[in-house]
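**Q** Provide a 3D model corresponding to the input given below.
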Amino acid sequence: MPLLDSLRCPTCSAGLRPAPGALRCPRGHTFNIARQGYVSLLTGTRAISGDDAAMVQARNQFLATGKYEPLSRALARLTADVLPARGTVVDVGCGTGYYLADVLDQSPSARGLGLDASVRALRSAARSHERAAAASCDIFRLFPLVDQTADVVLNVFAPRNPSEFHRVLRGSGHLIVVRPHHQHMAELRSQVPEMVSIDPRKEQRLDRALGPFFEAVDTRHVEYTTALTRQETTHLVGMTPSARHLDHRDLHHRGLLRDGITVSVLITTYRPR
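**A** Numbering: from 1, shown residues only. Below you'll find the predicted structure:
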């Protein structure tokens, strides 16, 4: 399995070695490798916050339209700027591996690892790129990674664990965080009041959480408008946390976004303190 040297046992923190259809540590803790290619490193109480099957399907269908390509290309270029030759990228909360695959395409000698709680999403992530591996884990607990193994940690529209980001990054490494700007999908939010809102204090909360561990060195604002069909709109909403609060059949029949939608995100690069 690629990046085996970066993984550690989530139970005892020992190194992992290949076993038939699994990875095993010297103490005998064994973790199955799914037939789709990802390794299951979830332990104890299973995480339940990951994307379900419907959300993953919506994500794959929407991202396949290319509507987020300008965002993904911007992230890939910024990552390439700070990633050393033959560097290691860890995408925490990788979802289906869409952004990680673009990053690896932009950096031909790099290798990548996607971590996520959703086994449904990891089935896609494990196949997203020939130089990518994937593993399930609870992002809010200790990562199943050795110390200082990553040159870049990506966090794209995903929960954050600042202390673990810091632990697994090399001293020369970088954290790159992508999150929505307050104008992101503003047209859609105005028409669908049930959608989850963007906290106006989001940036302050991010600064407080990351400040003890990281220093921001660069922030880019990526914004553009793109037209969406009714089906694409349904898929876009369906891949977000708002999907848990909406009736998709009702959404599909609303006359939404005839003039398009604003994609507006902030991408900040940090270095460890």
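**Q** nearest spatial neighbour of residue 260, skipping sequence neighbours?
**A** residue 227 (4.3 Å; C-beta to C-beta, 6 or more residues apart in numbering). Where C-beta positions appear, they are placed from N, C-alpha and C, glycine not excepted.
**Q** where's the one you found relative to residue 263, distance?
**A** Between residue 227 and residue 263 the distance is 11 Å, computed by C-beta to C-beta, to the nearest Å.
**Q** So between the two, which is more surrounded?
**A** Between residue 227 and residue 263, counting by other C-beta atoms under 10 Å, residue 263 is the more crowded of the two (20 against 11).
**Q** What residues does that one make contact with?
**A** Counting by C-beta atoms under 8 Å, 6 or more residues apart in numbering, residue 263 touches 67-68, 70-71, 184-185, 222-226.
**Q** Likewise for residue 200?
**A** Residue 200 touches residue 182, counting by C-beta under 8 Å, 6+ apart.
**Q** For the remainder of this discussion, apply numbering that starts at 681.
**A** Sounds good: first residue 681 from here, last item residue 880.
**Q** Drop anything exposed from the contacts of residue 943.
**A** 747-748, 751, 864-865, 902, 906 (16 or more other C-beta atoms under 10 Å).
**Q** In TSV: those residues, plus pLDDT, distance to residue 806 and secondary structure.
**A** Below are the buried ones among the contacts of residue 943 laid out as TSV (pLDDT from 0 to 100; distance: C-beta to C-beta, whole Å; DSSP: H, G, I helix; E, B strand; the rest coil):
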residue	pLDDT	distance to residue 806	secondary structure
747	95	24	coil
748	97	21	coil
751	97	23	helix
864	93	29	coil
865	90	29	coil
902	98	28	strand
906	93	29	strand
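**Q** so what's residue 883 closest to, chain neighbours aside?
**A** Counting by C-beta to C-beta, 6+ apart, residue 883 lies nearest to residue 946, which is 7.9 Å off, once chain neighbours are set aside.
**Q** For this structure, which segments count as strands?
**A** Ranges of strands in the chain, per DSSP state E, are 697-699, 702-704, 710-712, 719-720, 768-772, 791-796, 812-816, 830-836, 849-860, 894-906, 941-952.
**Q** which parts of the third one are buried?
**A** By neighbour count, with 16+ other C-beta under 10 Å as the criterion, the buried positions of strand 710-712 are residue 711.
**Q** Off-centre distance for it?
**A** Computed by C-alpha atoms, centre = their mean, to the nearest Å, the chain-centroid distance of strand 710-712 equals 23 Å.
**Q** For that strand, name the packing helices and strands.
**A** strand 702-704, strand 719-720 (3 or more C-beta pairs under 8 Å, 6 or more residues apart in numbering; DSSP states H and E).
**Q** and if you look at the second one?
**A** Other elements packing on strand 702-704 under the criterion 3+ C-beta pairs under 8 Å, 6+ apart are strand 697-699, strand 710-712.
**Q** Sheet partners, orientation included, of that strand?
**A** According to DSSP bridges, strand 702-704 forms sheet pairs with strand 697-699 (antiparallel), strand 710-712 (antiparallel).
**Q** Can you report how many residues neighbour residue 752?
**A** 22.
**Q** With residue 761 instead?
**A** 12.
**Q** Likewise for residue 913?
**A** For residue 913, using other C-beta under 10 Å, the count is 21.
**Q** Same check on residue 739?
**A** 24.
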